[in-house]
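S.K.: How does the following fold in three dimensions:
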Amino acid sequence: MTTRGGQNRKMTGDWRSPISEAVGHGVALAACCLISYKIITYLLSYAWSVSRDDDLLGGMWAVVATVFVFRYSYEESAGAAISRASATLLSFALCFLYLLIFPFRPLGMVVLIGIGAIVMSLIGRTEDIITTGITTTVVMVVAGMSPQQAWRQPILRLIDTGIGILVGIVGAWIITLTDRSRRQSSREDS
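M.R.: Numbering: from 1, shown residues only. Next up, the predicted model:
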């Protein structure tokens, strides 16, 4: 079984070894995760902070979105971003509407998970059912932990996820440009 990086090297004549590629990807992912975490926990917390615990949760949620989106190529990252965004938007809509009317209840949470699965199936995005369900679960459980103004949780998690997606996609774009530039330089040097 060939790694994704190995497939890329065979197709493009990439100059990097599997070790340097893995290290570069890992370092770039870690840097992107730190950036998304800092944006949410420090910059945005000054604009709209519910609590320190909620800021930390937001940072974690932004990092999760960054990890989900950051891939070995910009094209893969763009596909992952669309997947993450569609799952988050549906979960946001379901949870927001529910929490405007009802308080958190486990039965309400599982009904929303079921509705999310049905909607994703009907629109042909069955691969996003898992992410929709996970997102709905996190939003609803956090709303249950913070029942005062629980309707804010979907909004906050949407912002966290959006920042994480943006950082992940920009990071992948920068890495893709850097790799292209290095490949071009290595070809010119040969």
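S.K.: Do you know the pLDDT at E75?
M.R.: Note for E75: predicted pLDDT of 93.
S.K.: Could you list the low-confidence segments of this protein?
M.R.: 1-16, 44, 48-50, 186, 189-190 (pLDDT under 70).
S.K.: For the helix or strand harbouring R180, list every residue counted as buried.
M.R.: Element membership for R180 (DSSP states H and E) is helix 152-189. For helix 152-189, the neighbour count (16 or more other Cβ atoms under 10 Å) marks 152-154, 156-172, 175-176, 179 as buried. No exception for glycine: its C-beta is placed from N, CA and C like everyone else's.
S.K.: all helices for this structure, in order.
M.R.: Along the chain, counting by DSSP state H, helices occupy 4-12, 18-38, 45-47, 52-69, 74-101, 106-122, 129-145, 152-189.
S.K.: Which residue is the nearest non-sequential neighbour of L156?
M.R.: In this structure, L156 finds its nearest non-sequential neighbour in G58, 6.0 Å apart by Cβ to Cβ, 6 or more residues apart in numbering.
S.K.: which ones are touching the residue nearest to the spatial centre of the chain?
M.R.: By Cα atoms, centre = their mean, the chain has its centre lying nearest to A65, at 1.7 Å. A65 is in contact with 36, 84, 88, 160-165, 168, counting by Cβ atoms under 8 Å, 6 or more residues apart in numbering.
S.K.: buried ones in stretch 29-46?
M.R.: Buried residues in stretch 29-46, counted by 16+ other Cβ under 10 Å: 29, 32-33, 35-37, 39-41, 44-45.
S.K.: What separation do you get for D179 and Y72?
M.R.: 9 Å (Cβ to Cβ, to the nearest Å).
S.K.: And V170, by the same measure?
M.R.: Taking Cβ to Cβ, one finds V170 at 15 Å from Y72.
S.K.: still on that earlier bit, got the contact list for the residue nearest to L156?
M.R.: 40-41, 44-45, 156-157, 159-160 are the contacts of G58 under Cβ under 8 Å, 6+ apart.
S.K.: any chance of these in a markdown table, with distance to S146 too?
M.R.: Formatted as a markdown table, the contacts of G58 follow (distance: Cβ to Cβ, whole Å):
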| residue | distance to S146 |
| --- | --- |
| I40 | 17 |
| T41 | 17 |
| L44 | 17 |
| S45 | 15 |
| L156 | 10 |
| R157 | 12 |
| I159 | 16 |
| D160 | 15 |
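S.K.: Nearest spatial neighbour of the residue nearest to the centre of the chain, chain-adjacent residues omitted?
M.R.: That would be G164: by Cβ to Cβ, 6+ apart, it lies 2.6 Å from A65.
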